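Visitor: got a predicted structure here, sequence first:
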Amino acid sequence: MIGLEDAIVRFGARTIIDGLSFSVPVGRTLAILGPNGRGKTTTLKAMLGFQRLDTGQRIAPEIVGYVPQTGTSNQRYRAIDIAVMGRAAHLGLFGQPGSNDFAIAHSALEKAGAVRFADHFFDRLSGGERQLVLLARALATGSEALVLDEPAAALDLHNQERLLTLLNALRAPRDKAIVFTTHDPNHALTAADDALLMMPDGQPPLFGPVAETITPDHLERLYGVPMRVVELDGPSGETHRAVLPAFAGIRAA
Ligand SMILES: Nc1ncnc2c1ncn2[C@@H]1O[C@H](COP(=O)(O)OP(=O)(O)OP(=O)(O)O)[C@@H](O)[C@H]1O
């Protein structure tokens, strides 16, 4: 289980998180959505214990797999070395990773679809490739909780589809609590059970199953953009619901 209970976070005079409560049990996936600067990353950091709470409590297991937003790195580590860092919490203060830790890291790179650049230097990888390596590091922790900050942000459409397939593969055994942030409501519809909508202008957040939270009305309030629902045929004939901003229909000048 991972989440927050009555959490308040203030930066100076600004209250970014105001009495937020939600929890994600093992077996469920939560998508967090909200406008830029609303507090999604701050919420993840609060859950991870990287951000101090003014009041309230974090709920989290001792080890959490965390995939931060991709940053740059000038450290000359290979992808496999980054993945094996996920084992750090199991090694003790001066412990060195052994062959078992490297085997776990290698298998995590395989799961994340990043094994082909296991021996490449991290700082030479593209933003999307780095994100896959950081996902492997999170998987290598073996934690029952996985927290991903905008995992699709640097990915092209093909790799977004791969990431969503991967998130669903991680979700399928129902043995992890998974939390990810996204700016695309369709990612929530595709790969999450629940959604937390961090509404603007001091409005209370909405938390619940995606079928009840990812609706045009709520999304219009969330982003201030008119939204439409479209029904799409899936590969095996089933119907999928997708949401589109109305600007997707704007005629080009
Ligand atoms: N350590 C800090 N000190 C002061 N202000 C901060 C700090 N960290 C974040 N903020 C501010 O808190 C607000 C929320 O930031 P946060 O990164 O959580 O937003 P976000 O919803 O993840 O945004 P985005 O969608 O743009 O990534 C922003 O206005 C940010 O500038």
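Guide: Alright, I've got the coordinates.

Visitor: which residue would you name as the spatial centre of this protein?
Guide: In the chain, the C-alpha closest to the average C-alpha coordinate belongs to Phe180, at a distance of 2.1 Å (Cα atoms, centre = their mean).

Visitor: quick check: buried residues in stretch 235-247?
Guide: Buried residues in stretch 235-247, counted by 16 or more other Cβ atoms under 10 Å: Val243, Leu244, Pro245. In short, each C-beta sits where N, CA and C put it, glycine included.

Visitor: relative to the ligand, which of those residues is nearest.
Guide: Pro245 (16.1 Å; Cβ to the nearest ligand atom).

Visitor: wait, what's in contact with the closest one?
Guide: With contact set as Cβ atoms under 8 Å, 6 or more residues apart in numbering, Pro245 has these partners: Tyr223, Val225, Pro226, Met227, Arg228.

Visitor: neighbour-wise, which of the residues you listed leads?
Guide: Ranked by neighbour count (other Cβ atoms under 10 Å), the contacts of Pro245 have Met227 at the top, with 21 neighbours.

Visitor: thinking that residue is in contact with Arg221, fair?
Guide: No. Contact status for Met227 versus Arg221: not in contact, 9.9 Å apart, counting by Cβ atoms under 8 Å.

Visitor: what's whichever strand or helix holds Val179 in contact with?
Guide: For Val179, the host element (DSSP states H and E) is strand 177-181. The set of residues external to strand 177-181 that reach it, using Cβ under 8 Å, 6+ apart, is 1-2, 24-33, 40-41, 44, 47, 144-151, 167, 170-171, 187, 191-192.

Visitor: what's the ChimeraX line that selects buried ones from those residues?
Guide: Provided next is the ChimeraX selection string for whichever of the contacts of strand 177-181 are buried by 16+ other Cβ under 10 Å:
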select :2,24,28,29,30,31,32,33,40,41,44,47,144,145,146,147,148,149,150,151,167,170,171,187,191,192
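
Visitor: so how far is the host helix or strand of Thr190 from its chain's centroid?
Guide: Taking DSSP H and E as the criterion, the element that holds Thr190 is helix 185-191. Taking Cα atoms, centre = their mean, to the nearest Å, one finds the center of helix 185-191 at 12 Å from the center of the full chain.

Visitor: and the ligand, is that helix touching that?
Guide: No. Shown here: helix 185-191 not in contact with the ligand (Cβ under 6 Å from any ligand atom), separated by at least 13.7 Å.

Visitor: CA atoms only for that helix, dumped as CSV, please.
Guide: Once non-C-alpha atoms are left out, helix 185-191 reads as follows in CSV (Å, rounded to 0.1, in the frame of the first residue of the first chain):
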residue,chain,number,x,y,z
PRO,A,185,-6.1,11.0,-19.8
ASN,A,186,-6.0,8.1,-22.3
HIS,A,187,-2.9,6.7,-20.5
ALA,A,188,-5.1,6.6,-17.4
LEU,A,189,-7.9,4.9,-19.3
THR,A,190,-5.5,2.4,-20.8
ALA,A,191,-3.2,1.5,-17.9
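
Visitor: following element in sequence after it, please.
Guide: Secondary structure here is assigned by DSSP H and E; on that basis, the next helix or strand after helix 185-191 toward the C-terminus is strand 194-197.

Visitor: picking up where we left off before, among the buried residues of stretch 235-247, which are in strands?
Guide: Those of those mapping onto strands are Val243, Leu244, Pro245, per DSSP state E.

Visitor: out of these, who's near the ligand?
Guide: Among those, the ligand is touched by none when using Cβ under 6 Å from any ligand atom.

Visitor: and those residues as a markdown table, adding distance to Ile80 and pLDDT?
Guide: Converted to a markdown table, these look like this (distance: Cβ to Cβ, whole Å; pLDDT from 0 to 100):
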| residue | distance to Ile80 | pLDDT |
| --- | --- | --- |
| Val243 | 39 | 92 |
| Leu244 | 40 | 91 |
| Pro245 | 40 | 90 |
